[in-house]
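Trainee: give me the fold of what follows.
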Amino acid sequence: MFSDYRGIPWEARLLIYLSFIPFIAIGFIYIDLSYFLPTIQGVSPFWSGLIITTMGMTLVAESIPMGILADRYGRKKMLVLGNLCASLSLIGFAMTDAIPLLFVVAVLEGTGEAAYAVSVGALLAEKAGDVKRTPAFSLQSFLSWIAISLGGISVSSVVVFQYVGLDVREAHVALYVAIGLLSLSITPLLFKIKEGSITRNRREILPRKSGGVLKKYVAYSVTIAVGAGLFVPLMAFWFKAAYGVPDQTSGLVLGLTNLVTAGIVFITPKLARRFGLVRATVMTQAASTVFMVAIPSSPTFAIAAVIYMMRVFLMNLSSPLTQSLIMGLVSPDERGMASGITAALWRLPNSLSTSVGFVLIGAGYLGLPFYIATVLYVVGISTFWFMFKDAKLPEEANRVQAFR
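Mentor: Reported below is the predicted structural model:
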């Protein structure tokens, strides 16, 4: 298993290691923001949903133009911009409860996400090369899930701030500021990433060479995105509504779930070699859907948490596989644009459905988001299989059939 990770080029590993702390911030904000805004800052579920939706809508609006700029003028610049904006947004959410200012901070966070989305995958694919692309994305996923889990677990550290005399609100604010500053501190190190010399066509706006592949991938991705948005960003809020569990407890569970996912993701290169990227993706996502539909019928928080954990690590086994697939199939000089398009057309439906999920959960329809998502996942996974079952990447066309 570990042999898959030997030989990943140093610059690819450096990029992966430097992404660790920003992913802590990502894990923290995505696990806790849906709790923090309505429960700590006193923002209504309606406005909280719109603020979180604004983050996604900003990513949607900016990803494609940022992808074009990244391909033309450099992906490292976008990487640095992304970390700056995302880090400052954490501090911004902590410093105000004024709804107009919260929307400004949401735009800042979405800008950071957009800049990061169009740069990191394209840079990693460039640095890793075809042979080590899937292991590189798997290693990144492994470390990012550990970081995301630490972000979730860190929610529980509000008790430390309370222990030194801060009240609940002050403790949450202090934690948001601390994690924002931690993420901001690695910005100077990102300048050490060197960008390769890829021929860039500065006249092309859309990725013409990769258009066919992207249309197929987006058809699948949009369907999954709508389903995921109904409940994934809202699990801390859902656990509170379903079982009365505070974010200190649900954040710890969600963080540990991500930690388990990190360990499981480590086997994805072996799955890719055994079954191929497409077949392995379909197998893991289909198994995940079975667990997803069982979550709302769980009689206790503990059972729901275990089932959700199974759902998360099975679904996210496929994440490095699909990342490697799309970066392997598109033209190298269009990877920034491709990343921008896929990010935008993931987050647009995902963000819109998050608002729907917020309303449904707030109104007491706790099972409906999961049941709708199950139907969408079945459609999306089936679409992916029929679109890509015959796709062959360079490393798969020549690989030794070691398991036959």
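Trainee: list the buried residues of stretch 237-249.
Mentor: 237-243, 245, 247-249 (16 or more other CB atoms under 10 Å). (Glycine included, C-beta is placed from N, CA and C.)
Trainee: oh sorry, the question was meant for stretch 99-114
Mentor: Buried-residue list, stretch 99-114, by 16+ other CB under 10 Å: 102-103, 105-114.
Trainee: extract the residue ranges of this protein that are flagged as low pLDDT.
Mentor: Filtered on pLDDT under 70, the chain yields the residue ranges 1-3, 196-208, 210, 392-404.
Trainee: quick one on the thing from earlier: dump the buried residues of stretch 237-249 to TSV, plus secondary structure.
Mentor: Shown next, in TSV, are those (DSSP: H, G, I helix; E, B strand; the rest coil):
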residue	secondary structure
Phe237	helix
Trp238	helix
Phe239	helix
Lys240	helix
Ala241	helix
Ala242	helix
Tyr243	helix
Val245	coil
Asp247	helix
Gln248	helix
Thr249	helix
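Trainee: how about those in JSON lines, adding distance to Val177?
Mentor: Compiled in JSON lines, these are given as follows (distance: CB to CB, whole Å):
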{"residue": "Phe237", "distance to Val177": "23"}
{"residue": "Trp238", "distance to Val177": "27"}
{"residue": "Phe239", "distance to Val177": "25"}
{"residue": "Lys240", "distance to Val177": "24"}
{"residue": "Ala241", "distance to Val177": "28"}
{"residue": "Ala242", "distance to Val177": "30"}
{"residue": "Tyr243", "distance to Val177": "30"}
{"residue": "Val245", "distance to Val177": "25"}
{"residue": "Asp247", "distance to Val177": "17"}
{"residue": "Gln248", "distance to Val177": "18"}
{"residue": "Thr249", "distance to Val177": "23"}
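Trainee: helix or strand right after the helix ranked longest in the chain?
Mentor: Looking across the chain with DSSP state H, the single longest helix is helix 99-153. On the C-terminal side of helix 99-153, the nearest following helix or strand under DSSP states H and E is helix 158-163.
Trainee: could you check how far the closest residue to Thr223 other than its chain neighbours is from Val278?
Mentor: Leaving aside its chain neighbours, Thr223 sits nearest to Gly380 (3.5 Å; criterion: CB to CB, 6 or more residues apart in numbering). Between Gly380 and Val278 the distance is 14 Å, computed by CB to CB, to the nearest Å.
Trainee: again with Ile264
Mentor: Separation of Ile264 from Val278 (CB to CB): 19 Å.
Trainee: which one of those two is surrounded by more residues?
Mentor: More neighbours surround Val278 than the other of Ile264 and Val278, with 22 against 17 (other CB atoms under 10 Å).
Trainee: isn't that one up against Leu325?
Mentor: Yes - if you go by CB atoms under 8 Å, Val278 and Leu325 touch, sitting 7.1 Å apart.
Trainee: if I look at the two, which residues touch both of them?
Mentor: In terms of CB atoms under 8 Å, 6 or more residues apart in numbering, Val278 and Leu325 are both contacted by the residues 388, 391.
Trainee: in the helix or strand where Ala219 lies, which residues are buried?
Mentor: Take DSSP H and E as the rule and Ala219 turns out to sit in helix 211-229. Applying a neighbour-count criterion of 16+ other CB under 10 Å, one finds 213-214, 216-218, 220-229 buried in helix 211-229.
Trainee: what packs against it?
Mentor: Under the contact criterion of 3 or more CB pairs under 8 Å, 6 or more residues apart in numbering; DSSP states H and E, helix 211-229 touches helix 319-329, helix 335-362, helix 368-388.
Trainee: the last one versus helix 319-329: what angle between them?
Mentor: Taking axes from the mean of the first three to the mean of the last three CA atoms, to 10 degrees, one finds that helix 368-388 is oriented at 40 degrees with respect to helix 319-329.
Trainee: ok now helix 368-388, how far from the chain's centre?
Mentor: 18 Å (CA atoms, centre = their mean, to the nearest Å).
Trainee: which helices and strands sit right next to that helix?
Mentor: On a contact count with 3+ CB pairs under 8 Å, 6+ apart, helix 368-388 meets helix 211-229, helix 277-292, helix 335-362.
Trainee: rerun that using 10 Å as the cut-off
Mentor: Here helix 368-388 touches helix 211-229, helix 277-292, helix 319-329, helix 335-362, going by 3 or more CB pairs under 10 Å, 6 or more residues apart in numbering; DSSP states H and E.
Trainee: same check, this time on the first one
Mentor: Of the remaining helices and strands, those touching helix 319-329 by 3+ CB pairs under 10 Å, 6+ apart are helix 99-153, helix 211-229, helix 247-265, helix 268-275, helix 277-292, helix 335-362, helix 368-388, helix 394-397.
Trainee: off-centre distance for it?
Mentor: 14 Å.
Trainee: how far off helix 268-275 does that helix point, in degrees?
Mentor: Relative orientation of helix 319-329 versus helix 268-275 (the same axes, to 10 degrees): 70 degrees.
Trainee: could you do the second one as well?
Mentor: In this structure, helix 335-362 runs at an angle of 100 degrees to helix 268-275, with the same axes, to 10 degrees as the basis.
Trainee: tell me the buried residues in helix 335-362?
Mentor: 335-358, 360-362.
Trainee: doesn't Ala280 make contact with Leu271?
Mentor: Yes - with contact defined as CB atoms under 10 Å, Leu271 counts as touching Ala280 (4.1 Å).
Trainee: now do the shared contacts for those two.
Mentor: 317-318, 321 (CB atoms under 10 Å, 6 or more residues apart in numbering).
Trainee: for these, give me JSON lines that also has neighbour count.
Mentor: Below are these laid out as JSON lines (neighbours: other CB atoms under 10 Å):
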{"residue": "Leu317", "neighbour count": "25"}
{"residue": "Ser318", "neighbour count": "26"}
{"residue": "Leu321", "neighbour count": "28"}
